[in-house]
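Engineer: sequence and predicted structure, then a few things I'm wondering about:
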Amino acid sequence: MSANACYPEKPVLIVDDEPAWSHSLALSLKVTAEINHVISCHDSRDVMGLLEKNDFSLILLDLTMPHINGETLLEKISETYPDIPVVIISGMNQVDTAIRCVKAGAADFYVKTDERERVVTGIVRVLKQNQLQLENQHLVEQLLQQDAEKNPAFSSFVTNSAKMRGIFSYLRAIVRSYEPILIIGESGTGKELIARGLHQLRCPDKPWVAINVAGLDDMVFSDTLFGHIKGAYTGADQNRKGMIEEAADGVLFLDEIGDLSMASQVKLLRLLQEGEYYPLGSDQPYKCKARIVTATNQNLSTKESEGRFRRDLHFRLCSHRVELPPLRERPEDLASLLTFFLAEAAESMEKKKPTVPPELLTLLSTYYFPGNVRELRAMVYDAVSIHPGGVLSMSRFKAAIGSNNQQIKKINDVTGDFSAQVQFSDALPTLKEISQILINEAMLRSQGNQSIAARMLGVTPQALSKRLK
């Protein structure tokens, strides 16, 4: 945590008529739990006025005070501000008083003579429980607002997809959580863009640090993330900050997390569980205050079953999970993306935006796009780069898509045996009937374009024309 960072975001209010006790408790919260956003009130008559003017995350309330006692204040707070949890910390150790306070709405009850560490641990627990409740409430509100205004944090996404809008709503709901986020999706679906969008939502003026952990051995991973102190190893002639410290109060994005070595997985698990780490060569723990976001295009459940990914780490990473749909599941976005990339490519190459042949979108809609949005962008840039003017040629797109045999192989690689997708009745159709069914389907999908239909069927346009005649 940086020197100026405040935790929690909304302050904790200590209500006690003894300034020395309030100061002592605030110091314990800061040292033990890094809770440094604390306001003290020594006159119980001022409490309701403070609540009117400020938002608090938690109230720590004494019972025995002049003017207005704690039980009376508890009733007023519970009635007027039910979303703010109240923890009683009283000098009186009376069971009947504790029961009355809990029934009146107190989240917990402690005695001032209790062990200080126990009191602080209880306060942190209540604080986290309340934060989780607020996140869940926010999530429900966001999911119900299907027509919410588009947030500028996601302006880099060109989409009309309901699935993508649902993801944006989910991210808005969990943006204030400190739990890690796992982003899953095929290569080219925009995993890093989603992570950057979360950074813009949460802390646009704070650091953004991205690391691709694929191929990093355990030593390099540890040094990169945790840093080292002078003399930690041969060549370490000065202290060096790790990326976790560089990302303090911001977002640390770990890409290709599925390729992390088992030894490094253990260290990442400790970081997520304990919220602290050790720079190489140091025996002094450092607190992690970066929001950790990870991404992978691999199936972590499969890697887990194969013994190549730790189950406990997988559970930790999945506190919040975002699964991005591939481009083939967002057909409504194809036209918008094509238009956007054509304009972007033309501008970058200082060319006039080309005219799009009407059959181009039909051709692209028949393609599987294993490389997703990134592949479409590469196709467009390649075609525009050799475009002399006028109507855009489809030759580069056709070359990139390749033959139908290659396309079927790509589909089989992902979905398995193609024959399993075909259903037959008890009476098998003849070869002639099957051929006619295939031709009709290809013509339907290609919107009557024989050239595109022929490519889908793996025959020449002349052969298809002959069969149609």
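Structural biologist: In hand now; what should we look at?
Engineer: end-to-end on stretch 360-374?
Structural biologist: Terminal residues of stretch 360-374 lie 18 Å apart, using CA to CA, to the nearest Å.
Engineer: hmm, I was thinking of stretch 183-199
Structural biologist: 14 Å.
Engineer: now do stretch 102-117
Structural biologist: Stretch 102-117 has an end-to-end distance of 22 Å (CA to CA).
Engineer: where's it relative to the chain centroid, distance-wise?
Structural biologist: Distance of stretch 102-117 from the chain centroid (CA atoms, centre = their mean, to the nearest Å) equals 36 Å.
Engineer: show me where pLDDT drops low in this protein?
Structural biologist: Residue ranges of the chain with pLDDT under 70: 1-5, 136-151, 403-426, 446-448, 455-456.
Engineer: show me the domain layout of it.
Structural biologist: Domain assignment for the chain, taken from automatic domain parsing, gives 12-133, 145-325, 328-409, 423-469.
Engineer: tell me which of those domains lies nearest to residue 6.
Structural biologist: Nearest of those to residue 6, taken as CB to CB: domain 12-133 at 4.1 Å. From N, CA and C alone the C-beta is placed, and that goes for glycine too.
Engineer: for stretch 195-205, buried residues please.
Structural biologist: Neighbour-count burial for stretch 195-205 flags 195-203 (criterion: 16 or more other CB atoms under 10 Å).
Engineer: no, scratch that, I was asking about stretch 101-108
Structural biologist: By 16+ other CB under 10 Å, the buried positions in stretch 101-108 come out as 101, 104, 106-108.
Engineer: restricted to strands, list those.
Structural biologist: Those of the buried residues of stretch 101-108 mapping onto strands are residue 108, per DSSP state E.
Engineer: ranges for the helices of the stretch 201-350 of the chain?
Structural biologist: Along the stretch 201-350 of the chain, counting by DSSP state H, counting those that start in this stretch, helices occupy 218-226, 243-246, 262-274, 300-305, 311-317, 334-348.
Engineer: list the buried residues of the fourth one.
Structural biologist: By neighbour count, and taking 16+ other CB under 10 Å as the criterion, the buried residues in helix 300-305 are 300, 303-304.
Engineer: kindly reformat those as CSV containing distance to residue 246.
Structural biologist: What follows is those, written out as CSV (distance: CB to CB, whole Å):
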residue, distance to residue 246
300, 26
303, 29
304, 30
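Engineer: which one of the residues you listed is nearest residue 357?
Structural biologist: In terms of CB to CB, no member of these lies closer to residue 357 than residue 300, at 42.2 Å.
Engineer: quick one: the nearest residue to residue 242 once chain neighbours are set aside from residue 246, how far?
Structural biologist: Excluding the flanking residues, the one nearest residue 242 by CB to CB, 6 or more residues apart in numbering is residue 227, at 3.2 Å. As defined by CB to CB, to the nearest Å, residue 227 lies at a distance of 9 Å from residue 246.
Engineer: so for the two, which sits in the more crowded spot?
Structural biologist: More neighbours surround residue 227 than the other of residue 227 and residue 246, with 24 against 15 (other CB atoms under 10 Å).
Engineer: my guess is the more buried one contacts residue 247, does it?
Structural biologist: No - counting by CB atoms under 8 Å, residue 247 is not a contact partner of residue 227; they are 11.7 Å apart.
Engineer: mind listing the helices for the stretch 351-469 of the chain?
Structural biologist: Under the criterion DSSP H, counting those that start in this stretch, the stretch 351-469 of the chain carries helices at the ranges 358-365, 372-385, 395-401, 404-415, 431-445, 450-457, 461-468.
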